[in-house]
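Asks: Requesting a structural model of the entry that follows:
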Amino acid sequence: MAVPAKPRINKLVVIGVGLIGGSFALALKKARLVKEVVGVGRSRKNLKDALRLGVIDRAETDAAKAVADADLVLIGAPVGQMPGIFARIAPALSAKTVVTDAGSTKQDVIAAARRHLGKHFPMFVPAHPIAGTEYSGAAAAFAELYRDRNLILLPQKETKAAALRLVRMAWQACGANIVRLDAAEHDEIFGAVSHLPHVIAFALVHQLGGRRDAKRLLGFSGGGLRDTVRIAGSSPEMWRDICIANRGALLPLLDAYVDELKAARRALAKGEGDVLEGMFRSAQQARARWLVKKSK
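Replies: Residues are numbered from 1 along each chain as shown. As a prediction, this is how the structure comes out:
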């Protein structure tokens, strides 16, 4: 990609300088599309880390002060914090400032933005990058996080075309592939493929870790358990907010998973090896089909 003559974004404000927001800032810096990055957060240590690592150029604890004259604001905080953030920054936003987010749930975030941003809502572009690791904080950020990963955009009927263009350009500069979805469809899909797996991983580690012999037990664990529970290393606060926000979609998915476990338990109790093998084989085949599709 050709380097532009001057930065397209003079001032980027990242509210929540963690893995997601920090990686966004680093990717835009690497693409030479941003002149200044201002980071906003609750943890002074994390902001110091972000400054030391070059993720941001300046730190602020006052979100309203930080967004003054910004070209683009990315809210990378947990979704439960977003209503309060929208309310705080709304009076300080200039007419030119585009606001976007990276939340893993969308119906609640869009409703909060509509309610609190008011007349500035047309400059808000809802988004969700489908990327991440089990690590958090500014120290976990890296510029290549979004390379060849999907980025969901969910513009609303009021969204201004210029705001959408800026957000699309920024994420494409990060290397992301742009996909558009409806908010309800988004929350149903990611309830199944992301939110449910996190609940399962956290629950399994919680159950094993609560045993009296947990230390000895986990000392014998191998790759199977590590692969299964890797995502239980993710931020508990962030995933608490995601699960509560998307509980309408998540509860029936969790019920269906519990039914599947009960079916496996019945087969096991009755010694029905053929039933268990059938379940396992069906799962194996589904996984193989998914991996083939992912590799294309």
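Asks: okay, CA-based contacts and neighbour counts for the rest of this
Replies: Noted.
Asks: What separation is there between His195 and Ala170?
Replies: Using C-alpha to C-alpha, to the nearest Å, His195 is found at 26 Å from Ala170.
Asks: what's the answer for Thr61, then?
Replies: Taking C-alpha to C-alpha, one finds Thr61 at 24 Å from Ala170.
Asks: With Leu251 instead?
Replies: In terms of C-alpha to C-alpha, Leu251 sits 35 Å off from Ala170.
Asks: Neighbour count: these two, which is higher?
Replies: Higher neighbour count among Leu251 and Ala170: Ala170, with 22 against 15, using other C-alpha atoms under 10 Å.
Asks: Is that one in contact with Ala27, as I believe?
Replies: No: the pair Ala170 / Ala27 is not scored as a contact, 9.1 Å apart, by C-alpha atoms under 8 Å.
Asks: Neighbours of Glu237, how many?
Replies: Other residues close to Glu237 by other C-alpha under 10 Å number 11.
Asks: With Ser221 as the reference, measure out to the closest residue to it other than its chain neighbours.
Replies: In space, and not counting its chain neighbours, Glu237 is closest to Pro78: 7.3 Å by C-alpha to C-alpha, 6 or more residues apart in numbering. Distance, Pro78 to Ser221, by C-alpha to C-alpha: 32 Å.
Asks: residue boundaries of the helices in this protein?
Replies: 19-30, 44-52, 63-66, 82-89, 107-117, 161-173, 183-190, 196-209, 214-219, 223-229, 236-245, 247-269, 273-295 (DSSP state H).
Asks: quick revisit: surely the residue nearest to Glu237 touches Ile244?
Replies: No: if you go by C-alpha under 8 Å, Pro78 and Ile244 don't touch, sitting 11.6 Å apart.
Asks: Distance of Ala27 relative to Gly278?
Replies: 46 Å.
Asks: okay, the two: which has more neighbours?
Replies: Ala27 (25 against 11).
Asks: ok, how many other residues are close to the closest residue to that one other than its chain neighbours?
Replies: With C-alpha to C-alpha, 6+ apart as the criterion, Ala27 has its nearest non-adjacent residue at 4.2 Å, and that residue is Ala143. Using other C-alpha under 10 Å, Ala143 is surrounded by 19 other residues.
Asks: Can you give me the buried ones in stretch 87-102?
Replies: Ala87, Arg88, Ile89, Ala90, Ala92, Leu93, Thr97, Val98, Val99, Thr100, Asp101, Ala102 (16 or more other C-alpha atoms under 10 Å).
Asks: The first one and His116 touch, don't they?
Replies: It refers to Ala87. Yes: counting by C-alpha under 8 Å, Ala87 does reach His116; the two are 5.1 Å apart.
Asks: ok so, going back, between the helices of the chain, which gets nearest to Val125?
Replies: helix 161-173 (6.2 Å; C-alpha to C-alpha).
Asks: CA-only coordinates of the closest one in PDB, if you can.
Replies: What follows is helix 161-173, C-alpha atoms only, in PDB (Å, rounded to 0.1, in the frame of the first residue of the first chain):
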ATOM      1  CA  ALA A 161     -21.100   8.100   4.500                       C
ATOM      2  CA  ALA A 162     -17.900  10.100   5.400                       C
ATOM      3  CA  ALA A 163     -17.800   8.500   8.900                       C
ATOM      4  CA  LEU A 164     -18.200   5.000   7.400                       C
ATOM      5  CA  ARG A 165     -15.500   5.700   4.900                       C
ATOM      6  CA  LEU A 166     -13.000   6.800   7.500                       C
ATOM      7  CA  VAL A 167     -13.600   3.700   9.700                       C
ATOM      8  CA  ARG A 168     -13.500   1.400   6.800                       C
ATOM      9  CA  MET A 169     -10.200   2.900   5.600                       C
ATOM     10  CA  ALA A 170      -8.700   2.700   9.100                       C
ATOM     11  CA  TRP A 171      -9.500  -1.000   9.500                       C
ATOM     12  CA  GLN A 172      -8.400  -1.900   6.000                       C
ATOM     13  CA  ALA A 173      -5.100  -0.200   6.800                       C
END
